[in-house]
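Visitor: Sequence unavailable; structure follows:
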C-alpha cells in the first residue's frame with residue numbers, strides 16, 4: 001500500500017528567493033504591466049493575473065519542478081513575504097496551464113522592459129573597465145524547445161551531419177548582457193533561419209554612452225558596427241579575411257586602420273571608418289595550433305585602453 005508523501009520542505013534560500021519576487025517586482029508594477037497588456041480580470045479568479053506573472057518568473061527558479069510544485073513553493077514564498085493569503089490552496093495542473101495561456105507573454109515583456117536595468121557597481125569584478133566603461137556583451141545562442149509540429153514550423157530544426165533533421169526544434173536567441181553580473185539588459189528570439197546579425201539590430205537600443213560592448217566575430221558587419229558605435233564604445237572580434245591595412249602603429253602594439261562598407265569603397269578609399277586593431281595569440285599548451293585573435297575597437301587612444309588589457313577583457317567576457 002502506497003502512502004502519500006508529505007511535500008518537500010522549502011529551504012530558507014528558496015523561501016528568500018521567492019519572497020524577493022515581491023520586492024524586485026512590486027505588486028503595483030506587475031498590475032500596471034497587466035493593465036498595459038489588457039489582461040485584467042473581468043471577474044475574481046482563483047488564479048489572478050498578478051499571481052500568474054509571479055508564477056512564470058518562479059518557473060525559471062524551479063525549472064526542475066512540476067507545475068503544482070512550483071505553485072506551492074510560490075505560495076509559501078509570497079505568504080512569508082506577506083503578499084498572499086495563508087488559506088489559499090494550490091489548484092490543479094490544468095487550471096494552472098489555462099492561467100498561463102490567459103495572460104500570455106505581453107505582461108511579462110512589459111514588466112521586463114520597466115524593471116530590468118544594469119546591476120553592476122564599480123566594485124563588481126568584470127562589470128567595469130578601468131572604472132570608466134560599463135562592460136556589456138552582445139552574444140547569441142540556440143536552445144532546444146519542445147518537439148511539436150507548431151514549434152518545428154515556427155522555428156525550424158538544425159540539420160545533422162547525415163543530412164537529417166535533429167530531434168528537437170531550436171530557437172535562436174540574441175542578447176545584450178552585463179558582464180560581471182550576467183544580468184540580461186534585453187534579448188530577442190527568432191527562427192533558426194534568422195541570422196544573429198538580423199536579430200542584433202533590435203537590441204541596439206540597450207547600448208548607451210559610457211558602455212563598452214563586446215561581441216564575437218559572427219556579429220561584425222560594416223552597417224551594424226556603424227549603428228552600434230553611435231551608441232557606445234565597441235570591442236569586437238573580426239575574421240581573418242577582413243582587410244585591415246595598418247596606417248599607424250601605436251606604442252602598445254596595436255595599430256590604426258580603416259574599415260569600409262564594400263571592397264569597391266576600399267579600392268577607392270571612400271567612406272572608410274577609423275578603427276584600432278589589436279592582434280594577439282593565446283599561448284595555451286592544450287591547443288595546437290595557436291589561436292590568433294583580431295579585435296577592432298572604437299577606443300583609439302592606447303593610453304585610455306591598452307591593447308593587453310583589452311585582450312584580457314575580451315577573453316574574460318563570459319566568465
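Guide: Looks like it arrived, so ask away. Predicted model, so just to flag it, every value in this text is computed and none were measured. Numbers count the residues shown, from 1 in each chain.
Visitor: residues contacting the residue nearest to residue 47 when sequence neighbours are not counted?
Guide: In space, not counting the residues next to it along the chain, residue 47 is nearest to residue 99; the distance is 3.8 Å by C-beta to C-beta, 6 or more residues apart in numbering. All C-beta spots, glycine's among them, are computed from the backbone N, C-alpha and C. By C-beta atoms under 8 Å, 6 or more residues apart in numbering, the residues touching residue 99 are 45, 47, 51, 52, 55.
Visitor: Among those, which lie within strands?
Guide: Using DSSP state E, no member of the contacts of residue 99 sits in strands.
Visitor: Columns neighbour count and distance to residue 256 on top of those residues, output as TSV?
Guide: Conversion of the contacts of residue 99 to TSV gives the following (neighbours: other C-beta atoms under 10 Å; distance: C-beta to C-beta, whole Å):
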residue	neighbour count	distance to residue 256
45	15	63
47	18	60
51	22	57
52	25	55
55	21	54
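Visitor: any chance of the residues you listed in JSON lines, plus distance to residue 261?
Guide: Shown next, in JSON lines, are these (distance: C-beta to C-beta, whole Å):
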{"residue": "45", "distance to residue 261": "56"}
{"residue": "47", "distance to residue 261": "54"}
{"residue": "51", "distance to residue 261": "52"}
{"residue": "52", "distance to residue 261": "48"}
{"residue": "55", "distance to residue 261": "48"}
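Visitor: possible to save the residues you listed as JSON lines with pLDDT and distance to residue 183?
Guide: Converted to JSON lines, the contacts of residue 99 look like this (pLDDT from 0 to 100; distance: C-beta to C-beta, whole Å):
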{"residue": "45", "pLDDT": "68", "distance to residue 183": "33"}
{"residue": "47", "pLDDT": "82", "distance to residue 183": "29"}
{"residue": "51", "pLDDT": "86", "distance to residue 183": "25"}
{"residue": "52", "pLDDT": "88", "distance to residue 183": "24"}
{"residue": "55", "pLDDT": "89", "distance to residue 183": "22"}
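Visitor: where in the stretch 201-319 of the chain is pLDDT low?
Guide: For the stretch 201-319 of the chain, applying pLDDT under 70 flags the ranges 286-289, 318-319.
Visitor: got the residue ranges for the strands in it?
Guide: Listed in chain order, the strands of the stretch 201-319 of the chain (DSSP state E, counting those that start in this stretch) span residues 211-215, 233-237, 248-249, 255-259, 273-282, 291-297.
Visitor: who does the third one touch, helix- and strand-wise?
Guide: Contacting strand 248-249 under the criterion 3 or more C-beta pairs under 8 Å, 6 or more residues apart in numbering; DSSP states H and E are the following elements: strand 255-259.
Visitor: what's the angle from the strand it packs on to strand 273-282?
Guide: For strand 255-259 against strand 273-282, the angle between stretch directions is 120 degrees (axes from the mean of the first three to the mean of the last three C-alpha atoms, to 10 degrees).
Visitor: chain center to strand 255-259, what's the gap?
Guide: With C-alpha atoms, centre = their mean, to the nearest Å as the basis, the distance from the averaged C-alpha position of strand 255-259 to the chain average is 30 Å.
Visitor: helices and strands around it, which ones?
Guide: Packing partners of strand 255-259 (3+ C-beta pairs under 8 Å, 6+ apart): strand 248-249, strand 273-282.
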